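Engineer: Let's see this in three dimensions:
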Amino acid sequence: MNDNDFRNIDVMNSENVISKLGDLVALEFNAIETYEAAIERLENLDYRAKMTEFLGEHERHLMQLCDAIIQEGGTPPEGANYKQFLTKGPVVIAGIGGDKAILHAMLLNESLTNKLYESANEEIFPGYIQLMLKQALGDVRHHRVWIESAIEQH
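Structural biologist: This next block holds a predicted model:
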């Protein structure tokens with residue numbers, strides 16, 4: 001590719017950026033609530049510690065996404081959306097089944113989060129947002145791999 005090839009790439013306009021990042025903000029609110037529910041219910045202290053670390057990463061993603069929305073001239077959403085039951089509900093129900101059931105529920109949640117971040121990374125956002133989304137995708141991929149490993153070892 002030469003410089004002219006890059007000029008032909010259409011970077012998303014601010015309105016679309018704000019809309020798509022708003023969806024990710026809602027996803028992060030859901031992820032945070034789901035992690036909080038899992039941490040409350042997990043018995044294994046190592047699992048709780050790792051989930052607390054992952055919760056912190058999701059909180060960082062949320063702050064970065066909100067900052068990007070503001071930088072693009074928008075107002076970030078203020079809470080989780082209707083999908084909350086889809087993500088948090090299984091963790092609450094899984095709490096009855098013990099740590100392994102909770103880990104399975106969290107794996108489903110992280111798989112969804114991975115899909116949405118993979119999709120976002122296929123879009124052409126302004127450069128600073130693309131970098132942030134790549135980092136977030138790396139984080140959620142790590143979360144999924146760790147949860148898969150914990151399930152296998154449980």
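Engineer: Can you give me the neighbour number for residue 46?
Structural biologist: Number of residues near residue 46 (other Cβ atoms under 10 Å) recorded here: 9. From N, CA and C alone the C-beta is placed, and that goes for glycine too.
Engineer: Can you give me the pLDDT of it?
Structural biologist: pLDDT recorded at residue 46 is 97.
Engineer: now swap in residue 95 and tell me
Structural biologist: 59.
Engineer: before we move on, what about residue 80?
Structural biologist: At residue 80, pLDDT is 62.
Engineer: Now do the strands in this protein.
Structural biologist: Assigned strands in the chain: none (criterion: DSSP state E).
Engineer: just for it, where's the confidence low?
Structural biologist: In the predicted model of the chain, residues 1-9, 80-96 satisfy pLDDT under 70.
Engineer: That one: helices as residue ranges?
Structural biologist: 3-7, 14-41, 45-71, 84-94, 99-121, 127-153 (DSSP state H).
Engineer: Give me the contact list for stretch 113-126.
Structural biologist: By Cβ atoms under 8 Å, 6 or more residues apart in numbering, the residues outside stretch 113-126 that reach it are 9-12, 17, 20, 23-24, 27, 31, 72, 130, 133-134, 136-137, 140-141, 143-144.
Engineer: May I see the buried residues of that stretch?
Structural biologist: For stretch 113-126, the neighbour count (16 or more other Cβ atoms under 10 Å) marks 113, 114, 116, 117, 120, 125 as buried.
Engineer: If we only consider these, which is nearest to residue 38?
Structural biologist: Residue 38 lies nearest to residue 113 out of those, by Cβ to Cβ, at 13.3 Å.
Engineer: Alright, calling it a day.
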